[in-house]
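Engineer: Got a predicted model here, sequence first, then my questions.
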Amino acid sequence: MGKLYLISGNDEFAIKARARALVVKLAGEEFEDNPALEIVRGDAEDLKAEAIVGNFLAALRTPPFLNPEKIVWLRSFAYFEAATAGSASEALLTVMKGVQEFFKEPLPPELTVIMDGPGVDQRKAFFKLLKTAGAECDFLRKADLASRDFAQTQNERIQAIAAAAGKRLEPAAVDYLIAAVGSDFGRLQSELEKIFCFLGEEAAVVRVEDCRAVCSQTPEALSWDFADALAERNPAAALRIVNILMQQLRSQRGGNLELSMLNNAVRTFQDILKAKQAAAELQLPRRIGSNYFSTIPDERKKALPGNMLLQLHPFRAFKLVERAGSFEDAELARDFDLLLEANRRLVSGGGEPRIVLEQLILKITGAKR
């Protein structure tokens, strides 16, 4: 019996990447030159859905020619949802029925079929038919920004891509990338590839400085850097970022990037406050080493299940405590007042955004420090 593969979901870039990797595995790096492979373009702009499905069905029915095996790849099919809907055109329903009839019979042993594209509904009869036919199915979905597990999911994705390249990212670098790319797998892979190329083969560890040096200066990356510069009391870096931001705003003729940056800064200072509270609960010594959180016994962790520092990567927890230790309670309270006032002015239109942000920078990182 032949083989049948289905790759779908809602992450189009990941679907295409996974399908290509499978085809390379089956047909070689130069797969387009492999005479055993027939590619049916599923996203051809010059063809209607029924024509594409018709080409696919014809390829399935055609026996191998001068080869002991045949691979048919329905590549990047853009019409799974439309083709399996009750409202599909009569022409599309007709050719889809032909495909369904084909998969009701055992696949010829010399045939391998690969289908990829977004929109396959696992509740519908078409998917169930493919499963009955023995399809190996892979569903790739974008990480949900609203999910409580979003950061962990993205962390695992990043480290998996890095491990495949023989690299490892330090926790701060992972945090930077998560903030910079959100749930966009395509951007994530692209940024990591740039970083790996920048580092070369010899460097095994990716640092946050490497990410900053290479990654595109997107609003998300700028937002992360801005918050970090404030917390590190680095006025030069913060002012440079505001200047870049204003240039982006002018090119886009509007937007609310400045408010997004401010909100991210608020979250960073909230983390500092939570770290101070968690450190007090743990009764940490005045000075701790970078491996301190790796040595905390499990019994103590279980006794404090809500402590935020015990839920972080040990090195990240150490760095957060180190940063929080540089803030006195009174100045942290003052910084929150400054952030609140800046937010009020931006929301109400009570000041030009550049001036509001620059004044905030000078007050938080100013001479008093």
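Structural biologist: Structure's in. What do you need? These figures come from a predicted structure and were not determined experimentally.
Engineer: make it CA atoms for all contacts and neighbour counts henceforth
Structural biologist: Noted.
Engineer: Strands of the stretch 51-200 of the chain, start to end?
Structural biologist: Taking DSSP state E, counting those that start in this stretch, the strands of the stretch 51-200 of the chain run over residues 70-75, 111-116, 136-140, 168-169.
Engineer: Mean neighbour count, the ones you listed: which tops it?
Structural biologist: Comparing the strands of the stretch 51-200 of the chain on average neighbours per residue, with mean count of other Cα atoms under 10 Å, the densest one is strand 70-75 at a mean of 24.
Engineer: Determine the set of other helices and strands touching that one.
Structural biologist: Under the contact definition 3 or more Cα pairs under 8 Å, 6 or more residues apart in numbering; DSSP states H and E, strand 70-75 sits against strand 37-41, helix 49-61, strand 111-116.
Engineer: highest average neighbour count across the ones you listed?
Structural biologist: Sort the helices and strands packed on strand 70-75 by mean neighbour count, taking mean count of other Cα under 10 Å, and strand 111-116 sits at the top with a mean of 21.
Engineer: which residues touch it?
Structural biologist: With Cα atoms under 8 Å, 6 or more residues apart in numbering as the test, strand 111-116 has contacts from 2-8, 15-16, 19, 69-77.
Engineer: Try it again at 6 Å.
Structural biologist: Taking Cα atoms under 6 Å, 6 or more residues apart in numbering as the criterion, the residues outside strand 111-116 that touch it are 2-8, 70-76.
Engineer: Tell me the gap between it and the middle of its chain.
Structural biologist: Chain-centre distance of strand 111-116: 27 Å, with Cα atoms, centre = their mean, to the nearest Å.
Engineer: Could you list the alpha-carbon positions for that strand in PDB?
Structural biologist: Included here for strand 111-116 are C-alpha records, laid out as PDB according to Å, rounded to 0.1, in the frame of the first residue of the first chain:
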ATOM      1  CA  LEU A 111       2.400   5.800  -5.100                       C
ATOM      2  CA  THR A 112       3.200   8.500  -2.400                       C
ATOM      3  CA  VAL A 113       0.800  11.400  -2.100                       C
ATOM      4  CA  ILE A 114       1.500  14.700  -0.300                       C
ATOM      5  CA  MET A 115      -1.100  17.400   0.300                       C
ATOM      6  CA  ASP A 116      -0.400  20.600   2.100                       C
END
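Engineer: partners of that strand in the sheet?
Structural biologist: Next to strand 111-116 in the sheet, as set by DSSP bridges, lie strand 3-9 (parallel), strand 70-75 (parallel).
Engineer: between it and strand 136-140, how many degrees?
Structural biologist: Computed by axes from the mean of the first three to the mean of the last three Cα atoms, to 10 degrees, the angle separating strand 111-116 from strand 136-140 equals 10 degrees.
Engineer: what about the closest residue to residue 158 other than its chain neighbours, distance to residue 349?
Structural biologist: Nearest residue to residue 158 in three dimensions, chain neighbours excluded: residue 174, at 7.2 Å (Cα to Cα, 6 or more residues apart in numbering). Computed with Cα to Cα, to the nearest Å, the distance linking residue 174 and residue 349 is 35 Å.
Engineer: And for residue 318?
Structural biologist: From residue 318 across to residue 349, the span is 39 Å (Cα to Cα).
Engineer: Please apply the same query to residue 227.
Structural biologist: In this structure, residue 227 lies at 22 Å from residue 349, with Cα to Cα as the measure.
Engineer: Check residue 245 too.
Structural biologist: Separation of residue 245 from residue 349 (Cα to Cα) stands at 18 Å.
Engineer: Compare those two and say which is more crowded by neighbours.
Structural biologist: residue 245 (21 against 10; other Cα atoms under 10 Å).
Engineer: Remind me which helix or strand the more buried one belongs to.
Structural biologist: Taking DSSP states H and E as the definition, residue 245 sits inside helix 235-252.
Engineer: what is the mean pLDDT for that helix?
Structural biologist: When pLDDT is averaged along helix 235-252, the result is 74.
Engineer: longest helix anywhere in this structure?
Structural biologist: Secondary structure assigned by DSSP state H gives helix 257-282 as the longest helix of the chain.
Engineer: Name the residues of that one that come out as buried.
Structural biologist: In terms of neighbour count (16 or more other Cα atoms under 10 Å), helix 257-282 has its buried residues at 257-259, 261-266, 268-269, 271-279.
Engineer: What is the burial count for residue 47?
Structural biologist: Residues lying near residue 47 (other Cα under 10 Å) number 12.
Engineer: brain fart, residue 10
Structural biologist: The local packing of residue 10 (other Cα under 10 Å) involves 16 other residues.
Engineer: Check what pLDDT residue 184 gets.
Structural biologist: Looking at residue 184, its pLDDT is 71.
Engineer: Spatially, what comes nearest to it if we skip its sequence neighbours?
Structural biologist: In this structure, residue 184 finds its nearest non-sequential neighbour in residue 142, 7.1 Å apart by Cα to Cα, 6+ apart.
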